[in-house]
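Engineer: Predicted structure and sequence below. I'll ask about it afterward.
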Amino acid sequence: MLETPAREEWQVLAPQRQAIILDEVRRTGAVRVANLVTRLGVSDMTIRRDLDALARRGLVDKVYGGATTVGGRSTEEPGFEAKSARQLVEKDVIAAAAAHLVRPGTAIGLSAGTTTHALARHLDDVADLTIVTNSVRVADALQRTGRSDRTVVLTGGVRTPSDALVGPVAVQALRTLHLDVVFLGVHGMAPRAGFTTPNLEESETDRALVAAAGRLAVVADHSKWGVVGISTIADLSEADVLVSDERLPADAVAELSERVGDLVLAPIPAESP
């Protein structure tokens with residue numbers, strides 16, 4: 001005797017659910033399984049099967065906990081929420097490792113990005129910092145600590161889809177500053193293109209941030225290797241340190257070990273997906 005499908009399976013047919021999911025991915029850049037479960041009234045396993053089906057058709061990229069738009073174009077710039085859903089574990093371990101490079105009493109820069117946003121949350125225990133950023137999201141994360149010995153400087157500028165503040169206002173502010181170290185998040189990194197971004201104005205602003213620093217520390221997970229945005233921020237050799245994760249491919253490790261000043265590979269917890 002055939003089992004009767006659970007009510008949730010036939011209330012909304014799979015093609016209808018998948019059309020709703022795809023529309024949401026295209027509208028916002030990313031979806032989370034938990035949110036779709038609540039919206040569509042089905043189990044997380046049902047949603048995961050729907051995401052698998054969409055991914056097999058090349059319509060979405062599956063990530064931990066959800067899905068995002070399909071990437072690949074040099075000018076494609078996912079929104080902050082879309083990027084936040086990607087490589088969550090890697091970003092956290094990279095941020096924790098990068099936080100150990102920050103010394104009390106220094107002036108540092110944090111570029112816009114989800115990895116630098118994670119780093120901002122790991123700086124709670126570092127005393128007497130002055131932090132310059134061109135990201136409202138990063139500035140908010142830094143202010144939430146409530147530390148009285150911390151100064152947060154927001155550059156101002158025009159906001160991009162990834163919530164970076166860019167343009168002449170940001171660049172002019174950065175040209176007057178002198179920082180001990182800048183932590184730079186990037187869209188991609190590759191042997192010839194170096195560290196890149198899909199946004200031309202953001203690239204100019206990031207170059208001004210790099211120029212303001214005595215040292216450059218790039219924070220980028222393994223998925224950024226081989227990705228090329230339309231504009232180069234810096235050559236690989238300009239990085240004094242690159243903090244990535246241990247899932248970085250062997251060819252990338254070999255190339256980067258030769259090109260960057262110091263390569264740090266943060267370990268991934270054994271139980272992580």
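Structural biologist: Done, it's in.

Engineer: Tell me the pLDDT of residue 81.
Structural biologist: As predicted, residue 81 sits at a pLDDT of 51.

Engineer: hang on, residue 217 packs against residue 99?
Structural biologist: No. Using CB atoms under 8 Å, residue 217 is not in contact with residue 99; the gap is 10.8 Å. In short, each C-beta sits where N, CA and C put it, glycine included.

Engineer: Those two: who's more crowded?
Structural biologist: Remark: of residue 217 and residue 99, residue 217 carries more neighbours, 24 against 19, as counted by other CB atoms under 10 Å.

Engineer: Mind checking what secondary structure that one has?
Structural biologist: strand (DSSP: H, G, I helix; E, B strand; the rest coil).

Engineer: mind listing the helices for the stretch 51-200 of the chain?
Structural biologist: Ranges of helices in the stretch 51-200 of the chain, per DSSP state H, counting those that start in this stretch, are 80-84, 88-99, 114-121, 136-143, 168-175, 200-211.

Engineer: by contact count, what packs against the third one?
Structural biologist: Counting contacts by 3 or more CB pairs under 8 Å, 6 or more residues apart in numbering; DSSP states H and E, helix 114-121 is packed against helix 80-84, helix 88-99, strand 107-110, strand 130-133, helix 136-143, strand 179-185, strand 213-219.

Engineer: Tell me how far it lies from the chain's centre.
Structural biologist: 8 Å (CA atoms, centre = their mean, to the nearest Å).

Engineer: Kindly format the C-alpha coordinates of that helix as CSV.
Structural biologist: Presented in CSV, the C-alpha positions along helix 114-121 are these (Å, rounded to 0.1, in the frame of the first residue of the first chain):
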residue,chain,number,x,y,z
THR,A,114,30.9,40.3,5.1
THR,A,115,34.2,38.9,6.3
THR,A,116,35.3,42.3,7.7
HIS,A,117,31.9,42.5,9.3
ALA,A,118,32.6,39.2,11.0
LEU,A,119,36.0,40.6,12.0
ALA,A,120,34.4,43.6,13.6
ARG,A,121,32.5,41.3,15.9
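
Engineer: Walk me through the domains of the chain.
Structural biologist: 7-70, 88-266 (automatic domain parsing).

Engineer: quick one, which of those domains is packed in tightest?
Structural biologist: Per-stretch averages of neighbours, counted by mean count of other CB atoms under 10 Å, single out domain 88-266 among the domains of the chain, with a mean of 20.

Engineer: avg pLDDT for it?
Structural biologist: When pLDDT is averaged over domain 88-266, the result is 93.
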